[in-house]
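**Student:** Whatever this is, show me its structure:
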Amino acid sequence: MKQAKSSFLLVIIAFATVYIVWGSTYFFIQKAVLHIPPFVMGSIRFLIAGGIMLSWSALKGEKIFRKDLIRSAGISGLLLLFVGNGCVIWVEQYIPSGMVAIMVSSAPLWFVLFDKPNWGANFRSLHTILGLVVGFAGVILLFWNQVGALFSKHDLTNLPALIMLLIGSMAWSAGSLYSKYYSKSGSAIVNTGWQMTIAGLAFVPGTFILQEWKLVVWESIPTESWLSLLYLIFMGSIAAFSSYVWLLQERPATQVSTYAYVNPVIAVLLGVFFAHEKVSFIQIIGLAIILGSVLLINLSRYRQGKKKLS
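**Tutor:** Have a look, this model is predicted:
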């Protein structure tokens, strides 16, 4: 019983970390890429975070240089962080973080479509399907003004960036499921360390191809951008991403994917409390709908768990 309670508490803490911290990273990514080029930022962020985690694992006596572990972590890391997060980093140079949050919130839908081992359970569950659709609708309502402004102008210049985000969201979902089903060897810390290290290395060629190292003026980067990068390394990567990878092993992928609906909620609430932004009535409705969708998805999983126990 004590072990079960401890495990449940860890799940709650991990979900809270992913929900809250990742909800703030859209803001800090946009702050960082204002002065640090995207590939440079991605390589610095993930190489430092991955190096810290692998060093910590080695000090604890864990075996980190295992071919099977590095291979599986490398594949999931490239899909999750290089393609998935890389698309977010790149696009935030051109599109407001609110619109990025909307496109990224399509991830739970891809989780259901790509999660073949659970097709039977997911597609037979009315609560799960309804929760996913309602949650996505809630995110649209949350950013209704931005959506209306984007399409009322009939401006297609942002279309490539939106397609890029859609591809990134699909890659993130595929990488998450690969990590869940194939990254069984090694601890979550070692897996996460290799995922970030390999993704960081993948960003490096882009810095030379796009000549970002020549373009960046290090002495002109303000403290605000450096602090944003530090937040992304220690909170966004080490704390939140590690929690996410661990949750994928402990909970159903559809349930874990609810972070994509809650993150925009957190982003809006942070704006209200710290940037004195105002929330409209339609946004309040959107917030309520999103929270309701998360409850629907979790209710389905709760009932499935009770059936198994009985």
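
**Student:** Any regions of the stretch 51-200 of the chain where pLDDT drops low?
**Tutor:** 97-99, 102-103, 122, 142-143, 145-158, 184-185 (pLDDT under 70).

**Student:** just the strands in it please.
**Tutor:** For the stretch 51-200 of the chain, strands defined by DSSP state E, counting those that start in this stretch do not occur.

**Student:** Can you give me the neighbour number for Ser220?
**Tutor:** 8 (other CB atoms under 10 Å). Placement of C-beta: from N, CA and C, glycine included.

**Student:** What of Trp119?
**Tutor:** 12.

**Student:** give the contact list for it.
**Tutor:** Under the criterion of CB atoms under 8 Å, 6 or more residues apart in numbering, Trp119 has no neighbours.

**Student:** what's the distance between it and Val112?
**Tutor:** 8 Å (CB to CB, to the nearest Å).

**Student:** Next: Gly84.
**Tutor:** Distance, Gly84 to Val112, by CB to CB: 17 Å.

**Student:** of the two, who's got more company?
**Tutor:** Gly84 (25 against 19).

**Student:** Test my guess that the more buried one contacts Leu165.
**Tutor:** No. Look at Gly84 against Leu165 with CB atoms under 8 Å: they stay out of range, at 9.8 Å.

**Student:** Between the two, which contacts overlap?
**Tutor:** With CB under 8 Å, 6+ apart, Gly84 and Leu165 have no common neighbours.

**Student:** Can you point out the buried residues in the helix or strand hosting Leu247?
**Tutor:** Applying DSSP states H and E as the criterion places Leu247 in helix 242-250. Buried residues in helix 242-250, defined by neighbour count with 16 or more other CB atoms under 10 Å: 242-248.

**Student:** chain center to it: distance?
**Tutor:** 12 Å (CA atoms, centre = their mean, to the nearest Å).

**Student:** Same question for stretch 47-66.
**Tutor:** 22 Å.

**Student:** for stretch 13-30, same thing?
**Tutor:** The chain centre lies 8 Å from the centre of stretch 13-30; the measure is CA atoms, centre = their mean.

**Student:** for stretch 23-37, same thing?
**Tutor:** Using CA atoms, centre = their mean, the offset of stretch 23-37 from its chain centre is 14 Å.

**Student:** which outside residues touch it?
**Tutor:** 41, 44, 88-89, 92-93, 96-98, 100-101, 207, 210, 212, 215-216, 220-222, 224-225, 228-229, 231-232, 235-236, 240, 262-267, 269-270.

**Student:** from memory Leu291 sits against Val265, does it?
**Tutor:** Yes. With contact defined as CB under 8 Å, Leu291 reaches Val265; the gap is 7.3 Å.

**Student:** Looking at the two, which one has more neighbours?
**Tutor:** Counted by other CB under 10 Å, Leu291 and Val265 do not tie: Val265 has more neighbours, with 22 against 15.

**Student:** Show the model's pLDDT score for that one.
**Tutor:** Val265 is assigned 76 on the pLDDT scale.

**Student:** Which positions in the helix or strand harbouring it come out as buried?
**Tutor:** Assigned by DSSP H and E, Val265 belongs to helix 259-274. Along helix 259-274, these residues count as buried under the neighbour rule (16+ other CB under 10 Å): 259-271.

**Student:** same check, this time on stretch 208-219
**Tutor:** Here stretch 208-219 shows Glu212 as buried, counting by 16+ other CB under 10 Å.

**Student:** measure it end to end?
**Tutor:** One end of stretch 208-219 sits 20 Å from the other (CA to CA, to the nearest Å).

**Student:** circling back to that earlier point, ok, then the element right after the helix holding Leu247?
**Tutor:** Past helix 242-250, the next helix or strand by DSSP H and E is helix 253-256.

**Student:** Which other helices and strands does that next one contact?
**Tutor:** helix 107-114, helix 159-182, helix 242-250, helix 281-309 (3 or more CB pairs under 8 Å, 6 or more residues apart in numbering; DSSP states H and E).

**Student:** averaged over its residues, what pLDDT does it have?
**Tutor:** Rounded mean pLDDT across helix 253-256 is 82.
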